[in-house]
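> 3D model of this:
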Amino acid sequence: MSQSSDGPATPTLPSDQSDAAWLEERRRGHHSHFTKGARIDLETLLDLLVQDKLLDQYDANLIRAGTIGDSQLKLHPLVVVANRRLEHSTTDSNTLDLEALSRWLAEKAGLPFMQIDTMKVDVDSVTSIMSQAYARQYSLLPVSIDLNRAIIATCEPFLLSWQPDLSSILNREIDVVMTDPLTLNRHMLEFYGVTQSIKQATDAKMRGDSEKILNFEQLLELGASHKLTADDKSVI
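The predicted structure is shown next:
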């Protein structure tokens, strides 16, 4: 380490190291951690996967290099890593798939991981506790609510600033669970799409629109038979 008389200390690069190797050595000496109150970022995710020996440094660097571009930047970091389909013997699927990565992240955050059973979700009740815009803003999916508590799934387990406010508004305890980002986004579209569709059909029925009334009855039949999916939004 060298220091000038009129400035702060500056590191000196050893003569037998390349710039890249030296920077990598300094980076690996820093123990990364996720930031409370922030979304997951790819750099920290890769660092921690390497630290936990789920990913080697070579693959981490390849993933970094492959994320240069707008399309990759729009993906959740877990999805970016999962899309590489890297092998790992400690996972049930022998690959670092999205579920394995999400379970690992849930453990890091101290949250339970939930596989959401949509057949057990009262869509009308859970979507009434928050708007789709609010759910999208914080990457949330309400999955259950009763007189005492609500269960909210997220794919951003360190972004929890919303929790005390929602608990106060609902006057209920909030249990936060982790799910993977693709499942969360898919169910968000399904849940809020169905709710909006039923509302529109109900309004049409009140106005006496015969065509909309017929489609409303079809929608109710689909719901009763548990066959209603996001694709059925075209029914109404």
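> which residues of this protein score low on pLDDT?
Counting by pLDDT under 70, the chain contains low-confidence residues at 1-32, 68-73, 89-93, 194-236.
> Where do the helices of it begin and end?
Under the criterion DSSP state H, helices of the chain are mapped to 19-28, 42-51, 57-66, 70-73, 77-82, 98-109, 123-127, 132-138, 162-170, 181-207, 210-224.
> Any chance you could list what contacts the fifth one?
Residues lying outside helix 77-82 but in contact with it, judged by CB atoms under 8 Å, 6 or more residues apart in numbering, are 40-42, 45-46, 49, 55, 63, 67, 72, 96-98, 101-102, 105, 155, 180-182. Where C-beta positions appear, they are placed from N, C-alpha and C, glycine not excepted.
> Throw together a ChimeraX command that grabs the buried residues out of the residues you listed.
Applying 16 or more other CB atoms under 10 Å to the contacts of helix 77-82, the buried members can be selected in ChimeraX as follows:
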select :40,42,45,46,49,55,63,67,96,97,98,101,102,105,155,180,181,182
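> wait, Ala109 sits on Leu159?
No: in this structure, Ala109 is not within contact of Leu159 by CB atoms under 8 Å, at 10.2 Å.
> list the residues that contact both of these two?
Here Ala109 and Leu159 have no joint contacts, going by CB under 8 Å, 6+ apart.
> Leu147 and Ser125, how far apart?
For Leu147, the distance to Ser125 (CB to CB, to the nearest Å) stands at 12 Å.
> ok, and the closest non-adjacent residue to Gly37?
The shortest distance from Gly37 to any non-neighbouring residue, by CB to CB, 6 or more residues apart in numbering, is to Ser161 (5.8 Å).
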